[in-house]
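Visitor: make a model of this:
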Amino acid sequence: MRIATWNVNSIRARHDRIGAWLDRSDVDVLAIQELKCKDSQFPEELFTERGYEVSYHGLNQWNGVAIASRVGLADAEIGFKDIPAFGSEEPVVEARSLSVTCNDVRVYSLYVPNGRELDHPHYGYKLEWYKALTADIAAQLSAEPEKKLVLCGDFNVAPLDEDVWDMAEFDGATHVSDAERAAFDDLLGAGLSEVTRQFTPGPGVYTFWDYQKLRFPKKQGMRIDFQLASQALAKTATAGEIDREERKGKGASDHAPVIVDYDL
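Guide: Next up, the predicted model:
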C-alpha cells in the first residue's frame, strides 16, 4: 500500500497540480493538509473521478485536513481525545486532525500548529496539542500493540539539526526549540517510528521550502513532514521518497509530497 502525505497550501489553488500528481504517482492513500477551505468548497470530484473515496474537514480559509483512499475508507473521526482549542475570547478546536481506516490501517492527516514565536500563546498551544495527541496514541497502542496506524502530516518540527539548512538562521525561533523537539520525541515514544528518513537520509534533504527569498533554488529548506508508524506497520515499510520535483514550477505548494510503500 502506497501512502503519501502532502501539505498542499490551498487545495483550490493546487487543484490541477494535485490531479496531475495523482495521475502519475500511483498512491493508494493521500493525507492532505492545509486545505484552506470550508467543507462546502472542497473539490470532492477531484478525487472521486479518479476512483478515490475522500473524507475532509475544513472550517474556514485556514488549516483543514483530508484523506483520499482507493483501498477503502471507513470510520472517519475528526480530532482526537482532549484535542485543545485555541483563541483568547472564543477558543476554537481548529481543523487540524482527521483519521480514517484504509485497508485495516488507521491513517491520520495532521496539521500541527505552527507555534509562531517562542513567547506567543500559539507556542504553548502547540505543545499542548502535541501532549494530547501523544496521550491518545499511547493509549491506543497500549490497548492494541499490534494495531497498524500511521500519523501523516506537517508536524511543524525539525527534529534534527540537519533538518534545517542552517541552525544559525533559527536561533531563538520555533520548529527547532528543545521543547518542540522533546514533544516530537515523546510522540515517537508512544510507540511510533518515523519511517521516511531511512529511505531519504540527510543532510540537505527537506520537505518544505519557503516561497520567500528564493529558498527552493538555494536549497534552503526544512524537513517537517513525516510519516510516523506503529511498530506493526513500520516493519512493513519497503521504500520511500520525497517528491522534490513537485515543488518545482508555477503554482507549486511550498511542501513536497512524502511517500512510503508498505508491504501489507
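
Visitor: what are the boundaries of the helices in this structure?
Guide: Remark: helices assigned in the chain by DSSP state H are 15-25, 45-48, 121-143, 178-189, 231-234.

Visitor: in JSON lines: these, plus mean pLDDT, distance to Leu151 and mean neighbour count.
Guide: Where C-beta positions appear, they are placed from N, C-alpha and C, glycine not excepted. Converted to JSON lines, the helices of the chain look like this (pLDDT from 0 to 100; distance: least, C-beta to C-beta, whole Å; neighbours: other C-beta atoms under 10 Å):
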{"stretch": "helix 15-25", "mean pLDDT": "98", "distance to Leu151": "20", "mean neighbour count": "15"}
{"stretch": "helix 45-48", "mean pLDDT": "98", "distance to Leu151": "21", "mean neighbour count": "16"}
{"stretch": "helix 121-143", "mean pLDDT": "98", "distance to Leu151": "7", "mean neighbour count": "18"}
{"stretch": "helix 178-189", "mean pLDDT": "98", "distance to Leu151": "8", "mean neighbour count": "16"}
{"stretch": "helix 231-234", "mean pLDDT": "98", "distance to Leu151": "10", "mean neighbour count": "20"}
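
Visitor: mind putting those into JSON lines with distance to Ser55?
Guide: Shown next, in JSON lines, are the helices of the chain (distance: least, C-beta to C-beta, whole Å):
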{"stretch": "helix 15-25", "distance to Ser55": "16"}
{"stretch": "helix 45-48", "distance to Ser55": "10"}
{"stretch": "helix 121-143", "distance to Ser55": "19"}
{"stretch": "helix 178-189", "distance to Ser55": "23"}
{"stretch": "helix 231-234", "distance to Ser55": "20"}
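
Visitor: and the strands in this structure?
Guide: Ranges of strands within the chain are 2-7, 29-33, 53-57, 65-69, 74-78, 97-102, 105-111, 149-154, 192-194, 225-230, 237-242, 258-262, based on DSSP state E.

Visitor: out of those, nearest to Gly204?
Guide: Evaluated with C-beta to C-beta, these place strand 237-242 nearest to Gly204, the distance being 11.5 Å.

Visitor: so where's the stretch 1-150 of the chain shaky on pLDDT?
Guide: Low-confidence segments of the stretch 1-150 of the chain (pLDDT under 70): none present.

Visitor: pLDDT at the residue most central in space within the chain, what is it?
Guide: Nearest to the geometric centre of the chain sits Gly153, at 0.7 Å (C-alpha atoms, centre = their mean). We have a pLDDT of 98 for Gly153.

Visitor: i'd like the first residue to be 10 from this point on
Guide: In the new count, where the first residue is 10, that last one comes out as Gly162.

Visitor: which residues does the nearest residue to it once chain neighbours are set aside bridge with?
Guide: Distance criterion C-beta to C-beta, 6 or more residues apart in numbering; nearest residue to Gly162, sequence neighbours excluded, is Leu119 at 3.4 Å. Applying DSSP bridges to Leu119 yields these beta-bridge partners: Ser106, Gly162.

Visitor: any idea how far Pro266 is from Leu119?
Guide: Leu119 is 15 Å from Pro266, where distance means C-beta to C-beta, to the nearest Å.

Visitor: and the residue lying farthest from the centre of the chain, how far from Ala83?
Guide: In terms of distance from the mean C-alpha position of the chain, Glu98 ranks first, at 28.2 Å (C-alpha atoms, centre = their mean). Distance, Glu98 to Ala83, by C-beta to C-beta: 37 Å.

Visitor: which ones are touching Ala248?
Guide: Contact analysis of Ala248 by C-beta atoms under 8 Å, 6 or more residues apart in numbering lists 208, 269-270.

Visitor: what do you get for Trp138?
Guide: Trp138 touches 92-93, 105, 121-122, counting by C-beta under 8 Å, 6+ apart.

Visitor: what's the answer for Gly60, then?
Guide: Arg79.

Visitor: how about the one 5 residues further on?
Guide: Counting by C-beta under 8 Å, 6+ apart, Tyr65 makes contact with 41, 44, 48, 51, 53, 73-76, 107.

Visitor: rerun at 10 Å
Guide: 20, 41, 44, 46-48, 51-53, 56, 73-77, 85, 87, 104, 107, 118 (C-beta atoms under 10 Å, 6 or more residues apart in numbering).
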